[in-house]
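Colleague: Any chance you can model this:
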Amino acid sequence: MRQLQWSPELELPKVPRVVALGAFDGVHLGHAQTIQAMRSLAHQDRVEAAILTFDPSPREFQNGVRQPGRRLTTRDEQFFYLRRLGVDLVIVFEFPGEIHTVEPEDFIRDVLVGQVNAIEVTASETHRFGHKGRGDVEMLRRFGSELGFGVEILRPLLLGGERVSSTRIRNLLDAGEVTEAGALLGRPYAIYAPVVSGRGVGSELGFPTANLSIAPEKILPHDGVYAGLAGAVREGDFSAIEQPRAAAINVGVAPTVREGERIVEVHLVGEQCDLRGAALKVEFLRWLREEQRFDSLYALRQQIRADVEQVRETAEEPPAEAFSEFDRVCATDYVVRRPGWE
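Modeller: Take a look at the predicted model:
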């Protein structure tokens, strides 16, 4: 998969392309449906499958100011999942940037048709584009008829009677509802991060932890303790953990032993190993409890022991079927609406 930064001077080989439009933060099941439709059209016509997206996403801005810690996927994570879905080309528009001021009519004529050579365009029915978001799917249809490209507009994917969206997933993570968020992603919500030195308090308590350096744009679930899986991966490798271990994950400020910025600490259950210099993939499976301040280190140790037991029990349960849905979509060449999808 090729990744290119857009500019007005960008020159691409004049080959026909099927194009999907969107921010694609999280690359959730709704996004996967859009990309799968694009990929199916591209395979039928034997042309390239291309994504036009933004970095950062316009949704990260409030009153013109970018908000940290609101992305479901870093740029590298996003590219990894798009590659798994069979995308050939990703063109990234910097936001805010020159594209922010382009009128939607000019975007269609000059960029979508002129530069990208789109013969088919797919998008969700809520997609907006162009200066001040004036462009919509009806405009795409009108210009498609005029300029000779097809338009495939997909109705939103519904799960649990509600639209699957990045905003809905962010709200679930803000509430600590990681199981529900994972169902919308089609895989557990995950972070990939290098291990950094901590204060060694976990080791003193008998439960050594790996402290993680989290990308500033990455959203963290609500402060609390979670059951999950974790394992060492090569930095930049976002594939499945080769040897996953049950993990007790703490997100927060660890109020019993310190106060300060939010951190993520991970205790791998079982035989300990040296993780210095490693990168971890951490998957959030289930919420256990709120983070809390204890009156003594003894009380904290007893609670951690109980948390670890819950983590073991969670790891022994069969994996939720919903957490495999993204893998199934990646392996399918045509749009399939699963039971429960509306």
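Colleague: those helices in the stretch 101-250 of the chain, which residues are they?
Modeller: Applying DSSP state H, counting those that start in this stretch to the stretch 101-250 of the chain gives helices spanning 104-106, 137-147, 166-174, 178-185, 201-205.
Colleague: Convert the second one to CSV, retaining C-alpha atoms only.
Modeller: The one in question is helix 137-147. Taking C-alpha atoms only, helix 137-147 is exported to CSV below (Å, rounded to 0.1, in the frame of the first residue of the first chain):
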residue,chain,number,x,y,z
VAL,A,137,-23.5,13.0,-1.1
GLU,A,138,-26.1,14.7,-3.2
MET,A,139,-23.5,17.0,-4.7
LEU,A,140,-21.3,13.9,-5.4
ARG,A,141,-24.2,12.3,-7.3
ARG,A,142,-24.9,15.4,-9.4
PHE,A,143,-21.3,15.8,-10.4
GLY,A,144,-20.9,12.1,-10.9
SER,A,145,-23.7,12.3,-13.6
GLU,A,146,-22.0,15.4,-15.1
LEU,A,147,-18.4,14.2,-15.1
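Colleague: Format the helices of the stretch 101-250 of the chain as JSON lines; extra columns: mean pLDDT and mean neighbour count.
Modeller: Using the backbone N, CA and C atoms, a C-beta is placed for each residue, glycine as well. Listed next are the helices of the stretch 101-250 of the chain as JSON lines, based on pLDDT from 0 to 100; neighbours: other C-beta atoms under 10 Å:
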{"stretch": "helix 104-106", "mean pLDDT": "93", "mean neighbour count": "17"}
{"stretch": "helix 137-147", "mean pLDDT": "94", "mean neighbour count": "16"}
{"stretch": "helix 166-174", "mean pLDDT": "97", "mean neighbour count": "19"}
{"stretch": "helix 178-185", "mean pLDDT": "97", "mean neighbour count": "24"}
{"stretch": "helix 201-205", "mean pLDDT": "61", "mean neighbour count": "16"}
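Colleague: JSON lines please, covering the ones you listed and showing distance to residue 233.
Modeller: Shown next, in JSON lines, are the helices of the stretch 101-250 of the chain (distance: least, C-beta to C-beta, whole Å):
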{"stretch": "helix 104-106", "distance to residue 233": "41"}
{"stretch": "helix 137-147", "distance to residue 233": "39"}
{"stretch": "helix 166-174", "distance to residue 233": "21"}
{"stretch": "helix 178-185", "distance to residue 233": "18"}
{"stretch": "helix 201-205", "distance to residue 233": "21"}
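Colleague: Tell me which of the ones you listed lies nearest to residue 119.
Modeller: Closest approach to residue 119 among the helices of the stretch 101-250 of the chain (C-beta to C-beta): helix 137-147, 9.9 Å.
Colleague: Could you list the residues in contact with that closest one?
Modeller: With contacts defined as C-beta atoms under 8 Å, 6 or more residues apart in numbering, helix 137-147 is touched by 104-105, 108-109, 113, 121, 123, 125, 127, 149-151, 153.
Colleague: go on, stretch 157-173?
Modeller: The contact list for stretch 157-173, computed with C-beta under 8 Å, 6+ apart, reads 23, 25-26, 28-30, 33, 59, 70, 72, 156, 178, 180-181, 183-185, 189, 219-222, 340-342.
Colleague: Just give me how far the lengthiest helix in the chain sits from the chain centre.
Modeller: Longest helix in the chain by number of residues (criterion: DSSP state H): helix 297-316. Counting by C-alpha atoms, centre = their mean, to the nearest Å, helix 297-316 is centred 29 Å from the centre of its parent chain.
Colleague: Report all helices and strands that it contacts.
Modeller: helix 201-205, strand 224-233, strand 245-252, strand 279-289 (3 or more C-beta pairs under 8 Å, 6 or more residues apart in numbering; DSSP states H and E).
Colleague: Let's have those in TSV, adding distance to residue 4.
Modeller: Formatted as TSV, those follow (distance: least, C-beta to C-beta, whole Å):
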stretch	distance to residue 4
helix 201-205	44
strand 224-233	27
strand 245-252	35
strand 279-289	27
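Colleague: beta partners for residue 89?
Modeller: Beta-bridge pairing for residue 89 (DSSP bridges): residue 2, residue 50.
Colleague: Kindly report the same for the one 5 residues further on.
Modeller: Beta bridges link residue 94 to residue 55, judged by DSSP bridges.
Colleague: what sits against it?
Modeller: Applying C-beta under 8 Å, 6+ apart to residue 94 gives the contacts 5, 6, 54, 55.
Colleague: ranking those residues by neighbours, who comes first?
Modeller: Highest neighbour count within those, by other C-beta atoms under 10 Å: residue 54, with 22 neighbours.
Colleague: so who does it touch?
Modeller: Residue 54 is in contact with 23, 92, 93, 94, 95, counting by C-beta under 8 Å, 6+ apart.
Colleague: change it to 7 Å
Modeller: For residue 54, the contact set (C-beta atoms under 7 Å, 6 or more residues apart in numbering) comprises 23, 93, 95.
Colleague: State the distance from the spatially closest residue to it that is not a sequence neighbour to residue 148.
Modeller: Leaving out its chain neighbours, the residue that sits closest to residue 54 by C-beta to C-beta, 6 or more residues apart in numbering is residue 95, at 4.5 Å. Relative to residue 148, residue 95 is positioned 29 Å away (C-beta to C-beta, to the nearest Å).
Colleague: between these two, which one's more packed in?
Modeller: residue 95 (18 against 10).
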